[in-house]
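Chemist: Got a sequence here, can you model it:
(3 chains)
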Amino acid sequence: GTVTTDGEDLVINTESGIEVKTSDDLASFQLGGRIQWDYDATQSDDNGVDTKDFDVRRARLYVKGHYGDWAYKTQFNVAESEGADGGDVEDLYIRYLGFGSVASVTIGKQKEPFGLEELTSSKDISALERSAMTERYAPGRSGGIQLSGKGSNWTYGIGYFEADGDGSNDFNNTAITARGTFAPIQTNDAVVHLGAGYTTREADVQADEIDTYNLELAGRMGPFHAQAEYFDSEEGQLDVDGYYVQLGWVITGESRPYKAGVFKRVKPSSPRGAWEVIARFEEGDGKYSDVGLATTDGEQTTLGVNYYANKNVRLGMSYMDGEQASGESGDEVRARFQYAF
Amino acid sequence: GTVTTDGEDLVINTESGIEVKTSDDLASFQLGGRIQWDYDATQSDDNGVDTKDFDVRRARLYVKGHYGDWAYKTQFNVAESEGADGGDVEDLYIRYLGFGSVASVTIGKQKEPFGLEELTSSKDISALERSAMTERYAPGRSGGIQLSGKGSNWTYGIGYFEADGDGSNDFNNTAITARGTFAPIQTNDAVVHLGAGYTTREADVQADEIDTYNLELAGRMGPFHAQAEYFDSEEGQLDVDGYYVQLGWVITGESRPYKAGVFKRVKPSSPRGAWEVIARFEEGDGKYSDVGLATTDGEQTTLGVNYYANKNVRLGMSYMDGEQASGESGDEVRARFQYAF
Amino acid sequence: GTVTTDGEDLVINTESGIEVKTSDDLASFQLGGRIQWDYDATQSDDNGVDTKDFDVRRARLYVKGHYGDWAYKTQFNVAESEGADGGDVEDLYIRYLGFGSVASVTIGKQKEPFGLEELTSSKDISALERSAMTERYAPGRSGGIQLSGKGSNWTYGIGYFEADGDGSNDFNNTAITARGTFAPIQTNDAVVHLGAGYTTREADVQADEIDTYNLELAGRMGPFHAQAEYFDSEEGQLDVDGYYVQLGWVITGESRPYKAGVFKRVKPSSPRGAWEVIARFEEGDGKYSDVGLATTDGEQTTLGVNYYANKNVRLGMSYMDGEQASGESGDEVRARFQYAF
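Modeler: As a prediction, the model looks like this:
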């Protein structure tokens, strides 16, 4: 039978989940999600507790859309890692688009604009888990209001957020967070990315205020890509810092996509898929929980290989080895099955 | 490419979320939801605890549809106010349509037929929050079975429900709840609405039985609208009552829609949107929790302004001021960003 | 207006929820779910606690799809029985289809391949609740990896699973589970089904290891259908067993569908719907919780009648009567309203 609409002409797109939009782009509606299923085995010299886990890492569904100058997104966890039930909300916001792409206003729960690796989707990061530095310093998602925009080779975001997570009085302590990026080189073959971020947060514990800044340097040259970030935070009397450096090579020759100040995952150009190897080294005050260590001074090395079966499916394996300044060490082997739709 | 169906001809409607139905109306499937993100600041003289919150108020998704004489709806919270996780179900029912619109049978979790303001969707109420009276007296959603119907200017509903909320023995205490409405005047310009409701509920606490009735009077004249409800409840030895009166003016000239015994929110006729101002006064035994007061005798005034940016988006601000009979008072400023899809 | 796609030609199917697939079957996307709303009244001689409940039994939504050789499914509870909130995940897996239907690999949370009644969807079982034997012996859903396949009249599945449910170290105890089925007779009129299953599970309690096997015998002759299963389990010192036998007759003449080693629910051939009566007897060590009894030696009789209003809707009533070896007894009356979409 036929399929028609009683309104404006519609176009259906099935690239990612399913999207229905009017051909004049007045309105859209999209449904999609991700499944990440992991095997991970950890062993730590310090506590002697080794674990073998085969579990969901992330399972999320989202609905997003727009009508005229207004857009929305709601993304929630169907299930999360470590036995937690679903039901938590990730993104949940309303966005005003009326000023064009140079100035959007986003109201609700969203990622604070801070950190290249943090702002890269978990579907798109090259290592299976983010660095101990990003885990330590990047604020992640919070409720708040953000002004953000982008041009052909720059982006910015600045926002006002709750500083202590969700609660019934969550604007008691607030944060101001901002980031800017610039790509002085951006050709088909090569990308150079520079970025910087800053967040200042009211706090009840340890210090009255936490001030953190970071610097981002990243690039791409054909099938090779690299990225590095440095973080420094003043938390009352405490001054902590750390950095990571990551290198990657897409063996099958594809380039890692770059768009609006972040990188995306490799899309294979052959039906046989694409292969990528990566290495990451990090050092400093970080949150080394992936290898069973404390939030402390240490260093960590990550080696990984990824197979991108098609635009939706990615299989990955990684080995992480960490050591605290106190001498204790731990490592983790992780395998991931990922379907993004 | 083309889009076809291997069954009956389909029509896609994108007015609210996305709906796909067969052109002969044999079957339908619809997906939609709402996001309400609020800022609210409260201060209470009695307890001295002032709060500033920036948080989701409601985030819901629903799926509904029908095939032949049978329909269903499932609506769940992605997130709810005050830090609660999602995962709670709102509507969840199966409905028999075989007798036509004069007599539907609805089985499952649904709103009990009681109270004009309660039965008006939270997307459509003119004040951002319902009155302390509706909060105090209207039973809201319960599991049960209801017979309901409507004609051109009348509606009714009568049902048998669980009286104490969900549980493993929830038909131990039951309730019978009924409502009827009639619109003696219903023209393009003017509406007069009359309604009455009654609920009798078995109870374990305070009283063996709770009997509550209410009266509804509402109307519309061009861009002006008004509604009032009176509630009276006998709860064993306790006899409590209260009322509210609400007035509204759509400054840009639109009329507030009225349909099947409830009002809907304003749909702007201009691409620049529609503006509405409202005022509400209430007095009596109510649940004054919005302004941080107890469930007690008191009075409360609400002033509000709404901007309807388009059929999906509504921005609103309100100021509420309440005072208990004991003299303690509290107030609240609230702003809302709402996207209904 | 028109509806088109910017990719491959699409076909929309509305048989079950809504499915969009490319006409070359390269990709698909489907959304659906189920609502089961139950009334049940139980009384037990032993504890004197009678309950009357009117509540959701299951409410689930799923999204599934595939692209090329890879498929996924995520199914979660919007709500579950006995007052539990939603948010739990049911199925959550990624599947590799590249070897064809004789050998699929499924990674994630899924049903372990064990037990005819367990592997029959709760939408499709003839009795409203599964037998005390299936509840006692079949492992149900677990995280793991499974190889499965099917031919015209056979199926198999073998997998490696977590043995103790979800947790942060859930491959500490693991299970191997397998099942095979064969249909020596499979015509339009008649089906004979044979099956066998085995699971061996590491355990921390009672025994180091639990070994369970079962045998399945089932068949269909026109409107009549029958199925029986025997279970035997060695749990350290403990050796327990039990069986059930179930008979059914579709009064209106339809046949119960059989596909890939399990039965489906009756699809009415008339717009007036289809009627079915069933009887089940079971005896042995089982989990008699439906009638308020313990997991113990006993016997139970179930009588049921089902009305299939259309392909989506099923109404059912059942009476269950159970007795423990110790002499205590209990019974349950249950009515169900089911909409599968």
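
Chemist: Any figure for the gap between A:Leu247 and A:Gly316?
Modeler: Counting by Cβ to Cβ, to the nearest Å, the gap between A:Leu247 and A:Gly316 amounts to 16 Å. C-beta: built from backbone N, CA, C; applies to glycine.

Chemist: quick one: which of those two has more around it?
Modeler: Taking other Cβ atoms under 10 Å in any protein chain shown, A:Leu247 and A:Gly316 do not tie; A:Gly316 has more neighbours (22 against 15).

Chemist: Residues in a beta bridge with that one, which ones?
Modeler: For A:Gly316, the beta-bridge partners are A:Asn306, A:Arg336 (DSSP bridges).

Chemist: Quick check, pLDDT for it.
Modeler: Listed pLDDT for A:Gly316 reads 98.

Chemist: And for the one 4 residues further on?
Modeler: pLDDT, A:Met320: 97.

Chemist: where does it fall, helix, sheet strand or coil?
Modeler: Secondary structure, DSSP: H, G, I helix; E, B strand; the rest coil: A:Met320 is strand.

Chemist: Equivalent analysis for the one 10 residues further on, please.
Modeler: Three-state assignment for A:Gly330 (three-state DSSP): strand.

Chemist: One more: A:Asp91?
Modeler: Classified using three-state DSSP, A:Asp91 is strand.

Chemist: Make sure it is actually in contact with A:Lys109.
Modeler: Yes - counting by Cβ atoms under 8 Å, A:Lys109 is a contact partner of A:Asp91 at 6.2 Å.

Chemist: Find the residues that touch each one of the two.
Modeler: By Cβ atoms under 8 Å, 6 or more residues apart in numbering or on different chains, A:Asp91 and A:Lys109 have these common neighbours: A:Arg141.

Chemist: Looking at the two, which is more packed in?
Modeler: Neighbours were counted for A:Asp91 and for A:Lys109 using other Cβ under 10 Å; A:Lys109 has more, 26 against 18.

Chemist: The residue nearest to that one when sequence neighbours are not counted and B:Trp37, how far apart?
Modeler: Counting by Cβ to Cβ, 6 or more residues apart in numbering or on different chains, A:Lys109 lies nearest to A:Leu92, which is 4.4 Å off, once chain neighbours are set aside. Distance of A:Leu92 to B:Trp37, given as Cβ to Cβ: 7 Å.

Chemist: who does the residue nearest to A:Lys109 bridge with?
Modeler: Applying DSSP bridges to A:Leu92, the residues it is bridged with are A:Thr74, A:Lys109.

Chemist: Would you agree it is in contact with B:Arg34?
Modeler: No - counting by Cβ under 8 Å, A:Leu92 sits too far from B:Arg34 to count as a contact (11.3 Å).

Chemist: shared neighbours of those two, anything?
Modeler: B:Ala59.

Chemist: number of nearby residues for A:Asn172?
Modeler: The number of residues packed near A:Asn172 is 16, by other Cβ under 10 Å.

Chemist: Next, it: secondary structure please.
Modeler: Counting by three-state DSSP, the backbone at A:Asn172 sits in coil.

Chemist: what's the closest non-adjacent residue to it?
Modeler: In space, A:Asn172 is closest to B:Lys52, 6.2 Å off (Cβ to Cβ, 6+ apart).

Chemist: what is the orientation angle of the strand or helix carrying that neighbour with strand A:51-67?
Modeler: Taking DSSP states H and E as the definition, one finds B:Lys52 inside strand B:51-67. With axes from the mean of the first three to the mean of the last three Cα atoms, to 10 degrees defining the directions, strand B:51-67 sits at 80 degrees from strand A:51-67.

Chemist: helices and strands around strand B:51-67, which ones?
Modeler: In this structure, strand B:51-67 makes packing contacts with strand A:89-96, strand A:141-150, strand B:27-44, strand B:70-80, strand B:89-96, judged by 3 or more Cβ pairs under 8 Å, 6 or more residues apart in numbering or on different chains; DSSP states H and E.

Chemist: try 7 Å
Modeler: Helices and strands touching strand B:51-67, as assessed by 3 or more Cβ pairs under 7 Å, 6 or more residues apart in numbering or on different chains; DSSP states H and E, comprise strand A:89-96, strand A:141-150, strand B:27-44, strand B:70-80.

Chemist: Could you pull out the helices in the stretch 101-250 of chain A for me?
Modeler: A:116-119, A:132-137 (DSSP state H, counting those that start in this stretch).

Chemist: any idea of the mean pLDDT in the longest one?
Modeler: Spelled out, it's helix A:132-137. Rounded mean pLDDT across helix A:132-137 is 97.

Chemist: How about A:Val89: what's its closest non-neighbour residue?
Modeler: The shortest distance from A:Val89 to any non-neighbouring residue, by Cβ to Cβ, 6+ apart, is to B:Ala79 (4.0 Å).

Chemist: check contacts around that neighbour.
Modeler: Contacts were defined as Cβ atoms under 7 Å, 6 or more residues apart in numbering or on different chains; by that measure B:Ala79 touches A:Val89, A:Leu92, B:Val56, B:Ala59, B:Gly86.

Chemist: Going by distance to chain C, which of those wins?
Modeler: Distance to chain C across the contacts of B:Ala79 (Cβ to the nearest Cβ) is lowest for B:Gly86, with 7.0 Å.

Chemist: Just the pLDDT for the closest one.
Modeler: So B:Gly86 comes in at 59 (pLDDT).

Chemist: likewise A:Ser44?
Modeler: You'll see A:Ser44 listed with a pLDDT of 77.

Chemist: same question, the one 5 residues further on
Modeler: At A:Val49, the predicted lDDT confidence score is 70.

Chemist: Please report the distance of it from chain B.
Modeler: According to Cβ to the nearest Cβ, to the nearest Å, A:Val49 stands 29 Å off from chain B.

Chemist: Return the set of buried residues in the worst-scoring helix or strand of chain A on mean pLDDT.
Modeler: Sorted by mean pLDDT, DSSP states H and E, the helices and strands of chain A end with strand A:70-80, the least confident at a mean of 91. For strand A:70-80, burial by neighbour count (16 or more other Cβ atoms under 10 Å in any protein chain shown) applies to A:Trp70, A:Ala71, A:Tyr72, A:Lys73, A:Thr74, A:Gln75, A:Phe76, A:Asn77, A:Val78, A:Ala79, A:Glu80.

Chemist: ok, now stretch A:275-287?
Modeler: Neighbour counts over stretch A:275-287 (16+ other Cβ under 10 Å) mark A:Trp275, A:Glu276, A:Ile278, A:Arg280, A:Glu282, A:Glu283, A:Gly284, A:Asp285, A:Gly286, A:Lys287 as buried.

Chemist: model confidence over it, on average?
Modeler: What stretch A:275-287 shows for mean pLDDT is 98.

Chemist: tell me how far it is from the chain's mean position?
Modeler: Remark: stretch A:275-287 is offset 15 Å from the chain centroid, using Cα atoms, centre = their mean, to the nearest Å.

Chemist: which residues sit against it?
Modeler: Stretch A:275-287 is contacted from outside by A:126-127, A:131-133, A:135-136, A:240-252, A:266, A:295-307, using Cβ under 7 Å, 6+ apart.

Chemist: Show the buried residues in those residues.
Modeler: Using 16+ other Cβ under 10 Å, the buried ones in the contacts of stretch A:275-287 are A:126-127, A:131-133, A:135-136, A:240-246, A:248-250, A:252, A:266, A:296-300, A:302, A:304, A:306-307.

Chemist: and chain A, which of its residues are near chain B?
Modeler: Residues of chain A found near chain B (Cβ under 7 Å from any Cβ of the partner chain) are A:1-7, A:10, A:12, A:20, A:27, A:29, A:63, A:65, A:67-68, A:70, A:72, A:74, A:76, A:86-89, A:92, A:94, A:107-109, A:143-144, A:162, A:166-172.
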